[in-house]
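Enquirer: Have a look at this prediction, sequence included:
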Protein chains: 2
Amino acid sequence: MASPSRFFTQKVDPSLLATNQAVAFRDYGRPADVLRLVNRPIQNFGDDKILVRILAAPINPADINQIEGVYPAKPPFEPEIGAVAGNEGVAEIVAIGRNIQGQGNHQVGNLVLPLYRSFGTWQSYAAVGPNDIYSFAPRKKVPILGVASMAINPSTAYRMLNDFVSLMPGDYVIQSGATSAVGQAVIQLCKIWGYKTINIIRDRPDLDTTINHLKSLGADVILTAEQMGTADTRQYLKALGSPIKLGLDCTAGKVASEIARALGPGAPLVIYGGMSRKPLLFPVSLFIFKDIQVRGFWMNRWYQHCPHLERQTMWEDLMHYMEKGELQPPKFNTIPWVTSTPTSSSASSSSTSSLSGTDGEGLLKAIRTAINGPDGGAPGTPKKNILIMDSDYIN
Amino acid sequence: MASPSRFFTQKVDPSLLATNQAVAFRDYGRPADVLRLVNRPIQNFGDDKILVRILAAPINPADINQIEGVYPAKPPFEPEIGAVAGNEGVAEIVAIGRNIQGQGNHQVGNLVLPLYRSFGTWQSYAAVGPNDIYSFAPRKKVPILGVASMAINPSTAYRMLNDFVSLMPGDYVIQSGATSAVGQAVIQLCKIWGYKTINIIRDRPDLDTTINHLKSLGADVILTAEQMGTADTRQYLKALGSPIKLGLDCTAGKVASEIARALGPGAPLVIYGGMSRKPLLFPVSLFIFKDIQVRGFWMNRWYQHCPHLERQTMWEDLMHYMEKGELQPPKFNTIPWVTSTPTSSSASSSSTSSLSGTDGEGLLKAIRTAINGPDGGAPGTPKKNILIMDSDYIN
């Protein structure tokens, strides 16, 4: 792993603060139209701030929806440059302001995760307050891409498996979207905690490969969406010998109805996505006579109200599982953060014009391709994209 | 109120035990086809039983569904006569077996409510165990039809208002089916407890009369189903100044979707019926971003698992409210329990042939009309029917 930090110092080069580069948008719209690479000088780093260097930042569906303006969590807009994109990522502390040294767990060289959404992780540096970040010493065996993508997807899986029903070893959990990053985390966490998973995936050309991959993660049962609702499948699920205690759905439409039907009495069905863009449809009898409960989960809401200790426990657990190799990050398509290096003259404070250098255009093009391409990060596709600001740091 | 009981005695006339009459069915099917009036001698009244005389028994949708065989709670079937219909009603203790005298609160002359479904309330007498009934002294001002119909509809309203969210005075509750027996109880209980109600009703010829009646019960806001979903109504509901804390629905279909949309963040929508016979349809975003919860309520399930003290508190509260005139029973269409009086010879133990006397046919015909008629007890119609075994007892 990991080159040592290049910034084990409290002295920050002023040119560094002036040349921070960010992917930002001034108006909501199609990412290909509105995203721009801009100079965003770090003007407010001082005695009360911590300077962090972003190491890696995923491109999540929520980021895209936020750029499109259809996500309920709105980013802060700055004069002229607009909003810096990106909600998730891992950074490294490179300097700590004089007035807050010794506060909390913050140390130069520590890794940090943002403690609020709309952090703006698609940039090189950020100056933040001591309460804006969760800080921890880097661990050799914890993959940096796993940490960079820990706060949304594996955390969603962790909470959904813990917060809606009390599961016991041997209990069944049924989920759709099992190939997604959340779905893969659900499989692995269930394996760790002794729960059994029934995993619903779309039929696909590489079905056998997909099945083998999910089984290697610990999946117990795998069914295709097309198999759901058939008499054979209903019979099979009934004959498991143990009622299904929890349902997780990110697809909506017919599959969600079939999951609800398969659940045991009183079980919750937790909705955390709607990839089919269809509504949810349930027969009344499932609620009245079978006491099914339909709930929703949004990681963002949980973080807004969570007790700090619960968040810490969750993240430490997840890193512990990654350290032991029991929880693997999803396969990422990595996009190197290659920007043109502005000359000192172009790094003036009139920095809101978009960079048109070849490297900047290359980065934007890679992001556009990641978002729009067939294997991009759009909803419905399992392949995830991640921006890599420091490739030396990837282990 | 109330003639004094004709049976303040421990000595039970043997001919009485032999001539009990019941409305029963041997096969599931259309009530008009399968219901029969039968002699059902009380053969097991003895030292360990309590003999009760039924005073009044509602005809509920659940009774009809049970006769049709589509209700999940199945009645016990006896050889030859089949199952006695009727799940709800009030009875009077007329005799107590020697071995259980002094047990519990049971006294001759007390009123009793069944403690289990499929009690078979559509008959004259029943011999029951001491744990099969809830026993209490009659109270002058509590209407007997209110007590007879207390265990299902007002109890459903009571539980739904108490068990899903903690309401405070001034909080808003929104419900569909506001003219139903449950709906009217919801309005009155909310009035008693200081909650405000938004009531959705079908458009109808006598709309003004209906609105005036619901307002007289304490309804705060009344909207027609047709008004739900319009921009005006959505705007009106948003502008209430206080989020709606609880939704109750017995209609499913479009109205349920609109109720879900009107709810405040985190509010539960409780489903207790599906009169439109349509499924429930919800957009995914209501669950994820607004944290709406869809739950079900079935009175039957609650009684199966309820703590005795909670049931007692609920029923005593409801009788207290009725005594004070704050909770009125719904308007009933009363059906007198007029049967032919078998001669002693026809009251033999070979008693499973249906009575064909004029009076027996008259009762069956009245029940059939009540079930099938335009103002009958079928789902979707507010008028309720109730069998009256002792008209002297009605106050």
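Expert: Now that the structure is in, tell me what you want to look at. Residues are numbered from 1 along each chain as shown, chains lettered A, B, ... in the order given.
Enquirer: and the strand or helix carrying A:Leu309, what other elements does it pack with?
Expert: Assessed by DSSP states H and E, A:Leu309 sits inside helix A:308-323. For helix A:308-323, the elements it packs on are strand A:133-136, helix A:144-148, helix A:153-163, helix A:181-193, judged by 3 or more CB pairs under 8 Å, 6 or more residues apart in numbering or on different chains; DSSP states H and E. Quick note: C-beta positions are derived from backbone N, CA and C, even for glycine.
Enquirer: number of nearby residues for the residue of the stretch 1-150 of chain A at minimum distance from chain B?
Expert: The nearest approach of the stretch 1-150 of chain A to chain B comes at A:Pro72, 4.8 Å away (CB to the nearest CB). Applying other CB atoms under 10 Å in any protein chain shown, we find 14 residues neighbouring A:Pro72.
Enquirer: What residues does the stretch 251-395 of chain A have near chain B?
Expert: A:252, A:271-274, A:279-298, A:301 (CB under 8 Å from any CB of the partner chain).
Enquirer: and the helix holding A:Leu309, average pLDDT?
Expert: Averaged across helix A:308-323, pLDDT comes to 97.
Enquirer: do stretch A:182-189 as well
Expert: For stretch A:182-189, mean pLDDT rounds to 98.
Enquirer: Stretch A:248-257 too?
Expert: So the average pLDDT for stretch A:248-257 ends up being 96.
Enquirer: Show me what counts as buried in it.
Expert: By neighbour count with 16 or more other CB atoms under 10 Å in any protein chain shown, stretch A:248-257 contains the buried residues A:Leu248, A:Asp249, A:Cys250, A:Thr251, A:Ala252, A:Gly253, A:Val255, A:Ala256, A:Ser257.
Enquirer: Show residues contacting it.
Expert: Residues outside stretch A:248-257 that contact it (CB atoms under 8 Å, 6 or more residues apart in numbering or on different chains) are A:160, A:173-177, A:180, A:182-183, A:186, A:200, A:225, A:228-229, A:259, A:269-283, B:284.
Enquirer: so of those, which ones are in strands?
Expert: A:Val173, A:Ile174, A:Gln175, A:Ile200, A:Leu269, A:Val270, A:Ile271, A:Leu280, A:Leu281, A:Phe282 (DSSP state E).
Enquirer: Tally up the residues packed near the first one, please.
Expert: By that I understand A:Val173. 25.
Enquirer: Taking the ones in strands among the contacts of stretch A:248-257, tell me the two that lie furthest apart.
Expert: A:Val173 and A:Leu281 (22.0 Å; CB to CB).
Enquirer: Convert whichever strand or helix holds A:Thr233 to CSV, retaining C-alpha atoms only.
Expert: Under the criterion of DSSP H and E, A:Thr233 resides in helix A:231-238. The C-alpha trace of helix A:231-238 is given here as CSV (Å, rounded to 0.1, in the frame of the first residue of the first chain):
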residue,chain,number,x,y,z
ALA,A,231,-45.2,-21.4,-9.0
ASP,A,232,-41.9,-23.3,-8.7
THR,A,233,-40.1,-20.4,-7.0
ARG,A,234,-43.0,-19.6,-4.7
GLN,A,235,-43.1,-23.2,-3.7
TYR,A,236,-39.3,-23.3,-3.2
LEU,A,237,-39.4,-20.2,-1.0
LYS,A,238,-42.2,-21.6,1.1
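Enquirer: Doesn't A:Leu55 belong to a strand?
Expert: Yes - looking at A:Leu55 with DSSP: H, G, I helix; E, B strand; the rest coil, it is inside a strand.
Enquirer: my guess is it contacts A:Asp390, does it?
Expert: Yes - using CB atoms under 8 Å, A:Leu55 is in contact with A:Asp390, at 4.9 Å.
Enquirer: The helix holding A:Leu309 to helix A:153-163, inter-axis angle?
Expert: Interaxial angle, helix A:308-323 versus helix A:153-163 (axes from the mean of the first three to the mean of the last three CA atoms, to 10 degrees): 120 degrees.
Enquirer: Name the residues of helix A:308-323 that are buried.
Expert: A:Arg311, A:Met314, A:Trp315, A:Leu318, A:Met319, A:Tyr321, A:Met322.
Enquirer: Please apply the same query to stretch A:33-49.
Expert: Neighbour-count burial for stretch A:33-49, counted by 16+ other CB under 10 Å, picks out A:Val34, A:Leu35, A:Arg36, A:Leu37, A:Val38, A:Asn39, A:Arg40, A:Pro41, A:Ile42, A:Phe45, A:Lys49.
Enquirer: Break chain A down into its domains, please.
Expert: What automatic domain parsing lists as the domains of chain A is A:14-149+A:329-393, A:158-301.
Enquirer: can I get those domains in a markdown table with distance to B:Lys196?
Expert: Below are these laid out as a markdown table (distance: least, CB to CB, whole Å):
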| stretch | distance to B:Lys196 |
| --- | --- |
| domain A:14-149+A:329-393 | 28 |
| domain A:158-301 | 25 |
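Enquirer: Helix or strand: which one has A:Ala126?
Expert: Short version, using DSSP H and E: A:Ala126 is in strand A:125-128.
Enquirer: just to revisit the earlier point, A:Leu55 and A:Asp390: who's more crowded?
Expert: Neighbour totals were compared for A:Leu55 and A:Asp390, and A:Leu55 leads with 28 against 20 (other CB under 10 Å).
Enquirer: contacting residues for that one?
Expert: A:Gly89, A:Val90, A:Ala91, A:Glu92, A:Leu111, A:Ile144, A:Ala148, A:Ile388, A:Met389, A:Asp390, A:Tyr393.
Enquirer: Mind checking which of these land in helices?
Expert: In helices, judged by DSSP state H, the following of those are found: A:Ile144, A:Ala148.
Enquirer: For the contacts of A:Leu55, which entry has the maximal number of neighbours?
Expert: For these, neighbours were counted using other CB under 10 Å, and A:Ala91 has the most, 30 neighbours in all.
Enquirer: Quick one: end-to-end distance for stretch A:80-100.
Expert: Stretch A:80-100 has an end-to-end distance of 30 Å (criterion: CA to CA, to the nearest Å).
Enquirer: hmm, that stretch touching chain B?
Expert: No - using CB under 8 Å from any CB, stretch A:80-100 never reaches chain B; the gap is at least 15.1 Å.
Enquirer: circling back: just give me the closest of the buried residues of helix A:308-323 to chain B.
Expert: Taking CB to the nearest CB as the measure, chain B lies nearest A:Arg311 of these, at 18.6 Å.
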